[in-house]
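# Sequence and predicted model, in that order:
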Amino acid sequence: MSPEYTYGYIFPSEVGESYVSTVFAIPLEAGESGEGITKQSYELPGILEGKEEVYTLQHVGEVFVLMHERLKQPIRFSIYYPFDPLGQRTYPYVRTFPYVGSKGDLVKPYTHFVPIMPIDVQIMDEACEKQGMIFVGKTDVFPSQ
């Protein structure tokens, strides 16, 4: 990472052109750090088999496991570091990134985010294709989600 640049998250509409960006991230409130993720579970809204659902992302050791009673298999995520050739990071080498855009009111009370990536990509793809699993994330187009 170059010290001359600011790295962080921004909504695609803040780029000023048609741009799509998808990221999975764990939100952290002020005072929390990636090394001390204190919450043991997170709720992710979405759709499963045509019905609105809330998935649970459980923090288990060094991975996060997405679970729902109707998912055929849990889906594991690992902490992701985009500037590492291998991409994966574990404690204590967790890197957080701030929201650097102008719509901070949409991400409050969160100030930093820990990027994660799916480990079980094939399981996730199968759940999307066969069970209609969809994640509904935070966007400035649908800010209440």
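Perfect, I can see it now. Numbering: from 1, shown residues only.
# What residues sit buried inside the helix or strand of the chain with the lowest mean pLDDT?
Ranked by mean pLDDT, DSSP states H and E, the weakest helix or strand in the chain is strand 24-29, scoring a mean of 79. Neighbour-count burial for strand 24-29, with 16 or more other C-beta atoms under 10 Å as criterion, is recorded at Phe24, Ala25, Ile26, Pro27, Leu28. Heads up, the C-betas are built off the backbone N, CA and C, glycines and all.
# Contacts for the helix or strand harbouring Val65, please.
Per DSSP states H and E, Val65 falls inside strand 63-67. Contacting residues not belonging to strand 63-67 are listed as 26, 42, 44, 55-58, 74-78, 116, 119 [C-beta atoms under 8 Å, 6 or more residues apart in numbering].
# tell me what the least confident helix or strand of the chain is packed against?
Identification of packing neighbours for strand 24-29 by 3 or more C-beta pairs under 8 Å, 6 or more residues apart in numbering; DSSP states H and E yields strand 110-118.
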